[in-house]
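**Student:** next come a sequence and a model predicted from it.
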Amino acid sequence: MFSKNEGPTDRTIRVVAGFVLIAVGLLVLGGVDASVAGIVVTALGGWFVATGAIGWCPLYVPFGISTLWTRHGPFGIRLRTTHHPAAPSSESDVPVVRRSRQDALR
């Protein structure tokens, strides 16, 4: 349905943080006794677990963020600047400098 926009590290962090937030919301903040803070923190933890489990975050879409592994951007983060990306360039567009062994020793 939707293309994934979360990488494996992002998904793992989301699921672990989500379970921690659920535990804190239910046990520490009194979500079981219907405290507002406990319910909000538990719901936020549920959001993290759900988005981490499916690998797609709707909040990333408007900003064009994807944490899937790519060769572009720091930490594997890719920012999409256009909805219609330009045609991919071939590796032949990159100039290649060839040096002989004697040139390298100079």
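**Tutor:** All right, it came through fine. Numbering: from 1, shown residues only.
**Student:** hey, which helix or strand in this protein has the poorest pLDDT?
**Tutor:** strand 78-79 (a mean of 56; mean pLDDT, DSSP states H and E).
**Student:** what number of residues lie near the closest residue to residue 57 other than its chain neighbours?
**Tutor:** Distances taken as C-beta to C-beta, 6 or more residues apart in numbering place residue 51 nearest to residue 57, at 4.6 Å, with adjacent residues excluded. C-betas here are computed from N, CA, C, even on glycine. By the criterion of other C-beta atoms under 10 Å, residue 51 has 21 neighbours.
**Student:** same deal with residue 18?
**Tutor:** 21.
**Student:** go on, the one 4 residues further on?
**Tutor:** Residue 22 is surrounded by 19 other residues when neighbours are defined as other C-beta under 10 Å.
**Student:** go ahead and confirm it touches residue 50.
**Tutor:** No. Counting by C-beta atoms under 8 Å, residue 22 does not reach residue 50; the two are 11.1 Å apart.
**Student:** C-terminal to the top helix by length along the chain, what's the next element?
**Tutor:** In the chain, with assignment by DSSP state H, the single longest helix is helix 36-54. Per DSSP states H and E, helix 36-54 leads on to strand 65-66 as the next helix or strand towards the C-terminus.
**Student:** let me see the mean pLDDT of that following strand.
**Tutor:** Average pLDDT, strand 65-66: 84.
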